[in-house]
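Novice: here is a sequence together with a model predicted from it:
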Amino acid sequence: MKHLLPLVVAVPLLGAALLVAGGRRLPRVVAETVGCAVAAGTAALALLLLANSSPPMVEWVGGWTPENGRSVGIVLVGDGPGLGLAALASLLTVAALAYSWHYFDEPPRRHTGSFPALVLLFQAGMCGFAVAGDLFNAFVFFELMSVVAYALTGHRVEEAKAVQGALTFGVVTSLGAYAMLMGIALLYARTGELAMAHIGRGLDRHGGPDALVLAAFVLVLTGLLVKAAAVPFHFWLPDAHAVAPTPVCMLLSGVMVELGAYGVWRVHDSVFSGPGGVPEADLERVLVVLGSLTAVIGAVMCWYQRHVKRLLAYSTVAHTGLFLVGIGILTPQADDGIALYVLGHAGVKAALFACTGILLDRYGTVDEHALYGRARELRGVAVLFLVGALALGGLPPFGTALGKAVTEEAVGGPLTVLYVAVSAITAGAVLRVAARVFLGLGPQPGETPSPAYETTGAGEEPETRHRLGRVPGTMTAVPALLLAGALAVGVTPGFAAGVSRAVNEAGSGGAVTPAHWTPPGVLLGLVSTALAAGLATLAVTRPALLAEPGWAAPLRRLQSGHIGDYVAWTLLGTVLLGVLALPGVLGA
Amino acid sequence: MNRRVRLLMVLAGGAGLAALLVAACLDMPGFGGDRHPYGDRAVHESLARRTANTIASVNFDQRAFDTLGEMTILFGAVLGTVVLLRQTRDERRAAPRPEDVAPPVRRYALAVLPVAVLTGLYVIAHGQLSPGGGFQGGVVAATALHLLYLGADYRALERIRPVGLYEVGDALAASAYLVLGLAGVLAGTAFLANTLLPYGTFNTLTSGGTVPLLNAAIGMEVACAVVVLLARFLDQAVEIEEESGT
């Protein structure tokens, strides 16, 4: 069974290669069917492997099994979190491909297979990163997913905005990748190993942490946090999400960004957790500080957007902040909670993007103000969007609520308030959009002159050939299924316990009570949902009361769209990471 | 943010990062040692499988899975370029005009072209024996074809370079690498296992088991990919024009 592990990468790659080879002759419907079938086959394979991942599988590609504990080969790790994320990425890929069925306006001439092929390459990159047990191999697949994601983001080249967004994404993520590669080189120089667990043992043999370990930690984390869009590395994300085709947004927000956070967890757990690595107190400081900052800034920025895709993008930033805090707490219970939260969030966020895509393709705008009351006719989409918003806020029994509740219990104290507040504000913003756009509640937002930095989202080109008259069945079925999946995470008996077991088996281990619903958890979920509903009601009925205060303007102006600014922030962020992690190295 | 603030931020960030890197370098192992834990093992394994060029053994045997990823990055980048540089609605094709080439340039380009192509193929074929290999040779062979653009003109290049065929070649070469990997799984060993073919006689073209085959697949993939990549950019520069009035 473990020999099948590399196939979660090889199958989508082969599918992509065949689509490109045959794409010149294939009619569009065949190319899209083949794409869906390959993605679904990979998903089935990942699920099959996942079902057999206890105890975790370890596969040395090419049969380079270590002799005397040493190997020259590449190791793949098939444990619960890795294969779980590979399965999640694959299922979301199927959803994105099904959603984009006959979707794009203009496939490149005689290249009908190229969009599904790119998506399959993206899937292979995500799966490869998820199961990588070798740091350099993880970097290779990190690069694969980045390169393909740039092309997918800039897919609508007719629009200057799309090119700009993709370029920003490309420059900032490439910088992160260079940093990560330098960090890997430092670790290799010290230990002569590339398998994560072997690097960890090599560091431990060398003694306590020193400047080299600190630099390697900071550089590797920079790469991963750029991908995870943590503040101040997050600027690329809203710009890219605003312009990327909707099915691509589903993948970027639903799973790719979360893979960055997963990378942090994996790298810490296998490389830096020993006595020669970075002390736990330092990692906790780094992740809790950056995570809280990310969550708060993401939530504030989310609230003040009127471009619906940007609003959802900032909500992803805010939630990634919450994930990083949970990982940073370094308790098995918080890990369980985050795993469930990520699963639930993926379904909910992808569903919300899918609904927004319908708005874009029907009305040619994603501006909350311009759409006021116009989508009253789309009853089904309205229900999906409302349910998605409530689930985002943590309405039990959705998976988001269960994950949030378990994490809140693990973090305790003021951080619990952070979780409740951030999920309430982001869900409140989405509910506000729902109330205005689908229900036409409250007074119509006036034509107040918007500040120069506002991206309204008006005048967008639909991604489909014509503005949609009737919404195709696939475009509503996909968000419905995704929400059903998020619900299943919360209600399927034994699912949460299974996730707990898999996460703890992969991590530091130890006997842990499996994750489950508790009365305080349900209560906190209800509280944040109620808060979200209250905020949305207030915003819709008394717009002046929650209008943008003066202090938010400088914060919003930081998102300038100028690549130079983002590069400067990335550099400063790297230094900030170093400063936050410094005390442990000085004390060692 | 204005230029001044941005510059200050870059300077502050750069200084901090530089300090971190300098401190890290001071803790690096000394320069020029004669032992390395990985290097020693890699050379040993390479010789055990009769691959004369250890780097080829690392690329196509010991860490062949990384090479798969790297090949795919190039494949994905080229596919992305094809998609992004497509002819959009507001663009049309114009036939390229023949251009005069200075006779010395023409003579030199045409004389060097076969030599350059042959060099590229040689570098690919001897990848498992001597420095070079599929990545390097593929780039040499692909760029060699473009001497025709310098020596003659764009239409001459287009005649020997049917882009569609190269696109198919690119995809088939990538598939070949994958199929060679899958053969290991089907044989019951492991993905990309170099245990299917005899290792042959040390330092001959066929030595090293599957190494020469994977190397050849990479050579073909890279050559085709670079041709397609250059073709897309040349197309954009030479043939595709924005429609007047837009």
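Specialist: Good, I have the coordinates.

Novice: name the helix or strand for residue B:28, please.
Specialist: Secondary structure assignment for residue B:28, by DSSP states H and E: no helix or strand.

Novice: neighbours of the nearest residue to it once chain neighbours are set aside, how many?
Specialist: Nearest residue to residue B:28, sequence neighbours excluded (CB to CB, 6 or more residues apart in numbering or on different chains): residue A:189, at 5.3 Å. Just so you know, the C-beta spots here come from the backbone N, C-alpha and C atoms, and that holds for glycine as well. Neighbours of residue A:189 under the rule other CB atoms under 10 Å in any protein chain shown: 16.

Novice: how far is the least confident helix or strand in chain B by mean pLDDT from where the chain is centred?
Specialist: Sorting the helices and strands of chain B by mean pLDDT, DSSP states H and E puts strand B:240-242 at the bottom, at a mean of 77. Relative to its chain's centre, strand B:240-242 lies at 29 Å (CA atoms, centre = their mean, to the nearest Å).

Novice: tell me how far the residue nearest the centre of chain A lies from residue A:145.
Specialist: Most central in chain A under CA atoms, centre = their mean is residue A:257, positioned 2.9 Å from the mean C-alpha point. Applying CB to CB, to the nearest Å, the value for residue A:257 to residue A:145 is 11 Å.

Novice: and stretch A:254-262, C-alpha only, in PDB?
Specialist: Extracted C-alpha coordinates of stretch A:254-262, given in PDB (Å, rounded to 0.1, in the frame of the first residue of the first chain):
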ATOM      1  CA  GLY A 254      -9.800  26.800   0.600                       C
ATOM      2  CA  VAL A 255      -6.600  24.800   0.900                       C
ATOM      3  CA  MET A 256      -3.400  26.400  -0.600                       C
ATOM      4  CA  VAL A 257      -3.100  29.100   2.100                       C
ATOM      5  CA  GLU A 258      -3.800  26.500   4.800                       C
ATOM      6  CA  LEU A 259      -1.000  24.300   3.400                       C
ATOM      7  CA  GLY A 260       1.300  27.100   4.400                       C
ATOM      8  CA  ALA A 261       0.100  26.800   8.000                       C
ATOM      9  CA  TYR A 262       0.400  23.000   7.800                       C
END
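
Novice: for the residue nearest to residue B:28, give me its contacts.
Specialist: By CB atoms under 8 Å, 6 or more residues apart in numbering or on different chains, residue A:189 lies in contact with A:212, B:28, B:29.

Novice: can you turn the buried part of these into a ChimeraX selection?
Specialist: The ChimeraX command for the buried members of those (criterion: 16 or more other CB atoms under 10 Å in any protein chain shown) is given here:
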select /A:212
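
Novice: now do the contacts for residue 2.
Specialist: Just going to use chain A. Counting by CB under 8 Å, 6+ apart, residue A:2 makes contact with A:57, A:58, A:59, A:78.

Novice: name the helix or strand for the third one, please.
Specialist: Element membership for residue A:59, per DSSP H and E: strand A:57-61.

Novice: list the contacts of that strand.
Specialist: A:1-3, A:5-6, A:49, A:66, A:71, A:73-79, A:133, B:64-65, B:190-192.

Novice: just the ones of these in helices?
Specialist: A:49, B:64, B:65 (DSSP state H).

Novice: now do the contacts for the nearest residue to the first one once chain neighbours are set aside.
Specialist: Spatial nearest neighbour of residue A:49, chain neighbours left out: residue A:83 (5.3 Å); criterion: CB to CB, 6+ apart. Each residue near residue A:83 by CB under 8 Å, 6+ apart is listed here: A:8, A:46, A:49, A:50, A:53, A:130, A:131.

Novice: so where's the chain shaky on pLDDT?
Specialist: Let's take chain A. Applying pLDDT under 70 to chain A flags the ranges A:102-110, A:447-449, A:508-511, A:588.

Novice: look at chain B instead
Specialist: Applying pLDDT under 70 to chain B flags the ranges B:243-246.

Novice: all helices for it, in order.
Specialist: Using DSSP H, the helices of chain B run over B:3-26, B:37-48, B:54-57, B:64-84, B:103-125, B:134-145, B:147-151, B:154-160, B:163-186, B:211-234.

Novice: tell me the angle the fourth one makes with strand A:57-61.
Specialist: Using axes from the mean of the first three to the mean of the last three CA atoms, to 10 degrees, the direction of helix B:64-84 lies 80 degrees away from that of strand A:57-61.

Novice: for helix B:64-84, packing partners?
Specialist: Applying 3 or more CB pairs under 8 Å, 6 or more residues apart in numbering or on different chains; DSSP states H and E, we find helix B:64-84 packed against helix A:7-22, helix A:114-131, helix A:135-153, helix B:163-186, helix B:211-234.

Novice: so which elements touch the third one?
Specialist: Other helices and strands packing on helix A:135-153, by 3+ CB pairs under 8 Å, 6+ apart, are helix A:114-131, helix A:160-191, helix A:196-206, helix A:211-228, helix A:246-251, helix A:257-267, helix B:64-84.

Novice: and the residue of chain A positioned farthest from its centre, how close does it get to residue B:150?
Specialist: What lies farthest from the middle of chain A is residue A:68; by CA atoms, centre = their mean that is 38.9 Å. In this view, residue A:68 and residue B:150 are 55 Å apart by CB to CB.

Novice: ditto for residue A:229
Specialist: Going from residue A:229 to residue B:150 by CB to CB gives 45 Å.

Novice: between these two, tell me which one has more neighbours.
Specialist: Shown here are residue A:229 and residue B:150; by other CB under 10 Å, residue A:229 has more neighbours (30 against 16).

Novice: the residue nearest to the more buried one when sequence neighbours are not counted: neighbour count?
Specialist: Leaving aside its chain neighbours, residue A:229 sits nearest to residue A:237 (4.2 Å; criterion: CB to CB, 6+ apart). Per other CB under 10 Å, the neighbour tally for residue A:237 reads 28.

Novice: ok, the one 3 residues further on next?
Specialist: Using other CB under 10 Å, residue A:240 is surrounded by 30 other residues.

Novice: returning to that earlier point: packing partners of the least confident helix or strand of chain B?
Specialist: Applying 3+ CB pairs under 8 Å, 6+ apart, we find strand B:240-242 packed against strand B:91-93.

Novice: over to residue A:25: give its phi and psi.
Specialist: Main-chain dihedrals, residue A:25, degrees, to the nearest 10: phi -110, psi -20.

Novice: distance check, the spatially closest residue to residue A:176 that is not a sequence neighbour against chain B.
Specialist: In space, and not counting its chain neighbours, residue A:176 is closest to residue A:226: 3.0 Å by CB to CB, 6+ apart. Counting by CB to the nearest CB, to the nearest Å, the gap from residue A:226 to chain B is 14 Å.

Novice: list the contacts for residue A:226?
Specialist: Counting by CB under 8 Å, 6+ apart, residue A:226 touches A:172, A:173, A:175, A:176, A:179, A:233, A:236, A:260, A:570.

Novice: just to check, the second one is in contact with residue A:235?
Specialist: No. At 11.2 Å, residue A:173 does not count as touching residue A:235 under the criterion of CB atoms under 8 Å.

Novice: count of residues packed around residue 76?
Specialist: Just so you know, I chose chain A. Using other CB under 10 Å, residue A:76 has 24 neighbouring residues.

Novice: my bad, the chain I had in mind was chain B
Specialist: As a measure of burial, residue B:76 has 29 neighbours, counting by other CB under 10 Å.
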